[in-house]
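> Okay, here's the prediction I keep looking at, along with the sequence it came from:
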Amino acid sequence: MLTVLALIVGIIFFDVDDSIQIGIQNRYGAFFFMTMNMVFSNMSAVQVFMKERVIFLHESANGFYRVSCYFLSKIFCDILPLRIFPTTMFAVITYWMIGTYTKMNIKRCRISNP
């Protein structure tokens, strides 16, 4: 689902021009939308810890597992595959479709080779 949204955002802001007024405004709009999408899509991670708090306290107090094991399992099974990977894919797709990479390299070449 996030990949489809990344493609839609990439199509909307595809190859934004380099003009001072319109280009910068469009880039700010794209980056703001991308940032808000990433923040709000990952807000559910906080709720997961709040829901499992009572169970975690009970099980760790009874010695079923250590705190480090719980958090490592949460990182490897929840945060990495469900939060980090989709966000990275969204950022990579939109970054290349908006065209910021090629334009930044062109500007660097112009600055370094006058």
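Nice, I can see it.
> C-alpha from now on. contacts and neighbour counts both.
Noted.
> Next, work out how far apart the most centrally placed residue in the chain and residue 70 are.
With distances taken as CA atoms, centre = their mean, the residue of the chain nearest its centroid is residue 87 (3.2 Å). Per CA to CA, to the nearest Å, residue 87 is found 23 Å from residue 70.
> Then residue 7?
35 Å.
> repeat for residue 57
Where residue 70 is concerned, residue 57 sits at a distance of 11 Å (CA to CA).
> Just give me the neighbour total for residue 10.
21 (other CA atoms under 10 Å).
> right, and the helix or strand after whatever helix or strand it lives in?
Per DSSP states H and E: residue 10 is located in helix 2-12. Downstream of helix 2-12, the first helix or strand assigned by DSSP H and E is helix 21-41.
> Identify each buried residue in that following helix, please.
26, 27, 30, 31, 34, 37, 38 (16 or more other CA atoms under 10 Å).
> Put the alpha carbons of that helix into PDB.
Provided in PDB are the C-alpha atoms of helix 21-41 (Å, rounded to 0.1, in the frame of the first residue of the first chain):
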ATOM      1  CA  GLN A  21      10.000  30.200  -6.800                       C
ATOM      2  CA  ILE A  22       7.900  27.300  -8.100                       C
ATOM      3  CA  GLY A  23      10.600  24.600  -7.900                       C
ATOM      4  CA  ILE A  24      11.400  25.300  -4.200                       C
ATOM      5  CA  GLN A  25       7.700  25.600  -3.300                       C
ATOM      6  CA  ASN A  26       6.900  22.200  -4.900                       C
ATOM      7  CA  ARG A  27       9.900  20.600  -3.200                       C
ATOM      8  CA  TYR A  28       8.800  21.900   0.200                       C
ATOM      9  CA  GLY A  29       5.300  20.600  -0.500                       C
ATOM     10  CA  ALA A  30       6.600  17.200  -1.500                       C
ATOM     11  CA  PHE A  31       9.000  16.900   1.500                       C
ATOM     12  CA  PHE A  32       6.300  18.100   3.900                       C
ATOM     13  CA  PHE A  33       3.900  15.500   2.600                       C
ATOM     14  CA  MET A  34       6.500  12.800   2.700                       C
ATOM     15  CA  THR A  35       7.600  13.600   6.200                       C
ATOM     16  CA  MET A  36       4.000  13.800   7.600                       C
ATOM     17  CA  ASN A  37       3.200  10.500   5.900                       C
ATOM     18  CA  MET A  38       6.200   8.800   7.500                       C
ATOM     19  CA  VAL A  39       5.500  10.200  10.900                       C
ATOM     20  CA  PHE A  40       1.800   9.400  11.000                       C
ATOM     21  CA  SER A  41       2.300   5.900   9.500                       C
END
